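1. show me how the following folds:
(one chain, ligands or ions: 1)
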Amino acid sequence: MPLLEVSGLVRRFGGVTAVGGVDLSVEEGRLVSVIGPNGAGKTTLFNLITGLDRPDEGKVSFDGADITGFAPEKLAHLRLARTFQHGRVFANLSVLGNVLVGAHARLRAARPRLPVLGALGELALALIQPGSVRREEAALRAEALAIIARFGERLLPRQDQPAYSLSYANRRRVEIARALALSPRLLLLDEPTAGMNQTETAEMQALIAELKASGLTILLIEHKLDMVMSLSDEVVVMDDGKVIARGLPQAVRHDPAVIEAYLGHREVGGGAAEKALAEAAE
Ligand SMILES: Nc1ncnc2c1ncn2[C@@H]1O[C@H](COP(=O)(O)OP(=O)(O)OP(=O)(O)O)[C@@H](O)[C@H]1O
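-> Sure, this is the predicted structure:
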């Protein structure tokens, strides 16, 4: 059974069909990439999966359960995490604070409110900070720092800096760190290297490869095709709201329909396809 299964998903905005009947499945431990030209419907698809938007038709299942239209918070409880195309962080929180938000969200999910205590009781507990709460906080902090350490010198020395003071690339790293603190079962990354230079892109690629090697299931939107080709178990190509090709990276790379979608070429040979895709990635 796939971890994520999307069937017949449709989303219309007025006269525009942003997602027009998409099927997609991601098996546990696999990395599937969604590529396609601007406006193909990739981000809308992510929004439908992650509860930021509701489909007009179709179904989203996670681990066999119907999660269609579930609110993002409920999905976080199921440990489905995402990052955004332009990066979203809590600007006034520190790097560590941002990552702790993710860790706390996971803790709340694992330990539902104690009905006996109620909200006031929980607040009192947090204020008094008995030993158990302090130990829990210390463990979360250590865990958050370990996640930040995955980003090495980029984030570790900046753990106490507010997110607003960071470079764009670092804010994007913080967002991924926060998503990892949720200890996700499925991670959706929307263009994690957008706005990054070559060195930063290579670092991000290495990190995603590491996450994949650790067994994390990942759904990735990415325009940098070299990265897509090297990381993906499967590539799904969208154009105009529809899936026009899917399969192993090398097969997709040579698919004339894919070249046509990117560049409008109708007749291409294998070599030309590769060149066109490389150009499209620039
Ligand atoms: N909230 C909205 N209201 C109206 N139209 C929308 C809305 N969101 C998306 N669209 C339209 O749906 C289509 C798909 O957009 P989407 O952002 O999903 O594409 P994309 O593949 O993610 O593009 P990009 O690679 O540029 O991010 C586009 O035509 C877009 O203009």
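
2. pLDDT weak spots in the stretch 51-200 of the chain?
-> The model of the stretch 51-200 of the chain has pLDDT under 70 over residues 108-118, 122, 125-126, 128-130, 132-133.

3. spatially nearest residue to the closest residue to the ligand within it, not counting backbone neighbours?
-> Nearest residue of the stretch 51-200 of the chain to the ligand: Q85, at 5.9 Å (C-beta to the nearest ligand atom). From N, CA and C alone the C-beta is placed, and that goes for glycine too. Of all residues not flanking Q85 in the chain, D190 sits nearest, at 4.5 Å (C-beta to C-beta, 6 or more residues apart in numbering).

4. on that earlier part again, mind listing what the residue of the stretch 51-200 of the chain closest to the ligand touches?
-> 43, 190-191, 194, 221 (C-beta atoms under 8 Å, 6 or more residues apart in numbering).

5. most neighbours among those residues, which one is it?
-> Counting neighbours by other C-beta atoms under 10 Å, I221 leads the contacts of Q85 with 24 neighbours.

6. residues touching it, list them.
-> 33-35, 42-43, 46, 85, 188-191.

7. what's the closest of the residues you listed to S232?
-> S33 (4.3 Å; C-beta to C-beta).

8. didn't R171 look like it was pressed against G87?
-> Yes - when contacts are counted by C-beta atoms under 8 Å, R171 is listed as touching G87 (5.0 Å).

9. quick one: A119 and R173, what's the gap?
-> 34 Å (C-beta to C-beta, to the nearest Å).

10. with L45 instead?
-> In terms of C-beta to C-beta, L45 sits 24 Å off from R173.

11. next: L219.
-> 19 Å.

12. what segments of this protein are strands?
-> 4-13, 16-26, 31-35, 57-62, 65-66, 80-82, 186-190, 217-221, 234-239, 242-247 (DSSP state E).

13. export those to TSV and tack on distance to the ligand?
-> Shown next, in TSV, are the strands of the chain (distance: least, C-beta to the nearest ligand atom, whole Å):
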stretch	distance to the ligand
strand 4-13	3
strand 16-26	3
strand 31-35	8
strand 57-62	15
strand 65-66	23
strand 80-82	13
strand 186-190	8
strand 217-221	7
strand 234-239	6
strand 242-247	11
